Structure formats: structure tokens, C-alpha cells
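Visitor: below: sequence and its predicted model.
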Number of protein chains: 2
Amino acid sequence: MSDLPPPDLAPVEVLVCVKCLREAEMPENGIRPGTALHAEIAKHEMPANVTLKAVECLSNCSSGCSVAVRGGDKRWTYVYGNFMEGRDAELVVDGITKYAATADGLVPWRERSDHFRKNCIARIPPQEF
Amino acid sequence: MSDLPPPDLAPVEVLVCVKCLREAEMPENGIRPGTALHAEIAKHEMPANVTLKAVECLSNCSSGCSVAVRGGDKRWTYVYGNFMEGRDAELVVDGITKYAATADGLVPWRERSDHFRKNCIARIPPQEF
């Protein structure tokens, strides 16, 4: 089977909780940390097979801000946490770009950023496993 | 098995990490806590539309044992944690039974057990949202 072409890579969704307050009070500027993070990520270029979506509450409030990533029936789904607005948009994009380049969502450990290694909140197996 | 579910409810998968050691050493009896929990859940009756699966590492080791539940494109996916073998199998089955009876995976707050309320590690929106 080694002569088969590389598998088509399914579309990827990046889900950012825009309601995240990190269990704290609303900031004085009235902008939720999750909303700010989402807006900052949106300014970055992402691979063509990636769509950024705003979602409400990934139930990881104590370790927010939170980002989930999924991509079709063959990839693992991940939830990552502890992202900071004003700091981590590029870090998110880096991790998502690596994820989107895989067929199964499993980025080799050596390629993962320190933040992604240490702040994986949970992962869920592919639909087909 | 119990009564057949309404025909419009998608099948549900309960994914139990059977590798879970709760970040501790292997118990003297050589049985991982996750393996024991899975076996205990398997002894219980579940709704007809629920399948129990053994999986490896849901990346929630520090708050294990861990159980994920999902069910088709219209339901939210949840990861719950801090389950104890020898104690919580019935609690898991109760929560899963309520989840499996919903179309969207959203069990009303008042119906959730205290453990499910307090130990939701993360949730992921339906594919169709």
C-alpha cells in the first residue's frame, strides 16, 4: 500500500471560547480575554484547510483561555488551555498549523511547543479508531 | 438491555481511559485504576444506544480517571474526570444514561449529579452548530 498517494487532509476547525473570563471579573475595558484572543488569532494567516470559529464555553474556565481543535473523522480532537490574550495568538497558530498538516492530529512530541506539551486539557480519539 | 431509545437519537460512545494511573505508581495488584473502572462500568446495564469503549489516554491524567462521551454530529462531546474505581461506576452510568436520552447532549443542570456538575474537564460543540 506504500504506493498510495498521501491521504487527503480533512478540513480543520479551531474553536475559541470567546466568552472566557478565566473565572475572573469582566476587565475594565469590557473585552473578555477569550474575545480578545479570538480576534488576535483571526489576524494571523492559517493553512488553507483551517477555519477559525468563535464558540461559547468549552467548560475549561479555570484553565482558560481555551482552544479546541478538530478535523474530520480520522483526527484526534484536542482541548488546550491557559492561553493569554496579548501573548499567545502566534503560539496557537503554530500549534494549529502543525495539527492541520497531520492526517491523524498527532503532532510528534519533539515538534510541539512547550505550551502545547504542558497545557493539553484533554483529547478525544478519532471517530474511526 | 433497556427499552429502545427514540429512533431519532444517534448512537452514543462512552470512552474510558483504561491506561489511567491517576499519575501515580502502578497499584500492587497490577490493575490500573482506569482498567478497573472500565470493567466495573461494563457490568452495568446501559441504554440500547450506548456503546462502551476502552481507549488510551484522554490526556486528563492529573484529574483521572477519565470518561469521554460523544454521540453523533448533533451532540456536544464531554470529558469528565476524577472518577474512582470501586466507587463511581454507577455514577458514570447515570450520567451517560441522561446524556444518551438527549438529542444535543445537554442534560439540564438540575438533572446532573453533583460529580458531573463539578468534574466536567472540557466540552466540545457539536459538529453541526
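Guide: Yep, it's here. Residues are numbered from 1 along each chain as shown, chains lettered A, B, ... in the order given.

Visitor: mean confidence for the lengthiest helix in chain A?
Guide: Taking DSSP state H as the criterion, chain A has its longest helix at helix A:89-100. pLDDT averaged over helix A:89-100 equals 98, rounded to a whole number.

Visitor: can you tell if the helix or strand following that helix touches chain B?
Guide: The helix or strand immediately downstream of helix A:89-100 is helix A:114-118, counting by DSSP states H and E. No - applying CB under 8 Å from any CB of the partner chain, one finds helix A:114-118 out of contact with chain B, separated by at least 10.7 Å. Every residue, glycine included, has its C-beta placed from N, CA and C.

Visitor: where's the closest residue to A:Ser62 other than its chain neighbours relative to chain B, distance?
Guide: Nearest-residue entry for A:Ser62: A:Glu23, 5.6 Å, with adjacent residues in sequence omitted and distances by CB to CB, 6 or more residues apart in numbering or on different chains. In this structure, A:Glu23 and chain B are separated by 14 Å, where distance is defined by CB to the nearest CB, to the nearest Å.

Visitor: then A:Asp8?
Guide: 18 Å.

Visitor: before we move on, what about A:Asn82?
Guide: Look at A:Asn82 and chain B: by CB to the nearest CB, they are 13 Å apart.

Visitor: my guess is that residue is in a strand, correct?
Guide: No - under DSSP: H, G, I helix; E, B strand; the rest coil, A:Asn82 falls outside any strand and is assigned coil.

Visitor: which residues touch the residue nearest to A:Ser62?
Guide: Taking CB atoms under 8 Å, 6 or more residues apart in numbering or on different chains as the contact definition, A:Glu23 lies against A:61-62, A:64.

Visitor: in space, what's closest to A:Glu56 - neighbours in sequence excluded?
Guide: By the measure of CB to CB, 6+ apart, the closest residue to A:Glu56 outside its immediate chain neighbours is A:Lys19, 5.0 Å from it.

Visitor: how about A:Ala122, nearest residue that isn't a chain neighbour?
Guide: In space, A:Ala122 comes closest to B:Val79 once its chain neighbours are excluded; the distance is 4.2 Å by CB to CB, 6+ apart.

Visitor: avg pLDDT for whichever strand or helix holds the one you found?
Guide: Per DSSP H and E: B:Val79 is located in strand B:77-80. Here the mean pLDDT over strand B:77-80 is 98, rounded to a whole number.
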